[in-house]
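**Q** how does the following fold in three dimensions:
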Amino acid sequence: MPEITYVAVDGTTRRIDVPSGTTVMRGAVFNDIDGIVAQCAGNAQCATCHVYVDDTTLDRLEPVRPAEDDLLDFTACPRRPGSRLSCQLTVTPALDGLIVHLPERQK
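**A** Here you go, the predicted structure:
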């Protein structure tokens, strides 16, 4: 099972085994990771699952699709080059070791 590392604002890390086929967002929600609100339950409508993908693992991701790109302009914290919606990041074996940093707030 791929391991995803969630890094809180204070630097606290949690490494979670997330089943392939689910999303980075669901991995956070199912494991009570603070900082992922997921208000729209993963339907790419709210941007409350915004994360900053670590530069060291950013190259493992598929490109941002237009709908996600549009929503990233409405995140509560500033958009950065590694900004992604975790509901749009489907976990695969290639994402084993992915590191995501949580923003200060989601709303």
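**Q** what residues are up against the residue sitting nearest the centre point of the chain?
**A** Per Cα atoms, centre = their mean, the C-alpha nearest to the average position across the chain is that of residue 86, at 2.9 Å. The contact partners of residue 86, by Cβ atoms under 8 Å, 6 or more residues apart in numbering, come to 23, 24, 25, 28, 36, 49, 50, 51, 100. From N, CA and C alone the C-beta is placed, and that goes for glycine too.
**Q** next: residue 54.
**A** Applying Cβ under 8 Å, 6+ apart, we find residue 54 in contact with 7, 82, 98, 99, 100, 101.
**Q** repeat that with 6 Å
**A** For residue 54, the contact set (Cβ atoms under 6 Å, 6 or more residues apart in numbering) comprises residue 99.
**Q** what does residue 84 give?
**A** Neighbouring residues of residue 84 by Cβ under 6 Å, 6+ apart: 51, 53.
**Q** got it, and the one 5 residues further on?
**A** Under the criterion of Cβ under 6 Å, 6+ apart, the neighbours of residue 89 are 23, 24.
**Q** using CSV, list the CA coordinates for stretch 98-106.
**A** As requested, the backbone C-alpha atoms of stretch 98-106 are provided in CSV (Å, rounded to 0.1, in the frame of the first residue of the first chain):
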residue,chain,number,x,y,z
LEU,A,98,4.4,11.4,-1.7
ILE,A,99,4.7,14.3,0.8
VAL,A,100,2.0,16.9,1.1
HIS,A,101,2.1,20.0,3.3
LEU,A,102,-1.1,21.3,4.8
PRO,A,103,-1.9,25.0,4.5
GLU,A,104,-2.6,27.2,7.5
ARG,A,105,-6.4,27.1,6.8
GLN,A,106,-8.8,25.8,4.2
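**Q** so which residues make contact with it?
**A** Stretch 98-106 has contacts (Cβ under 6 Å, 6+ apart) with 4-9, 35, 37, 48, 50-54, 57, 76-77.
**Q** sort out for me which of the residues you listed are in helices.
**A** Per DSSP state H, helices hold no members of the contacts of stretch 98-106.
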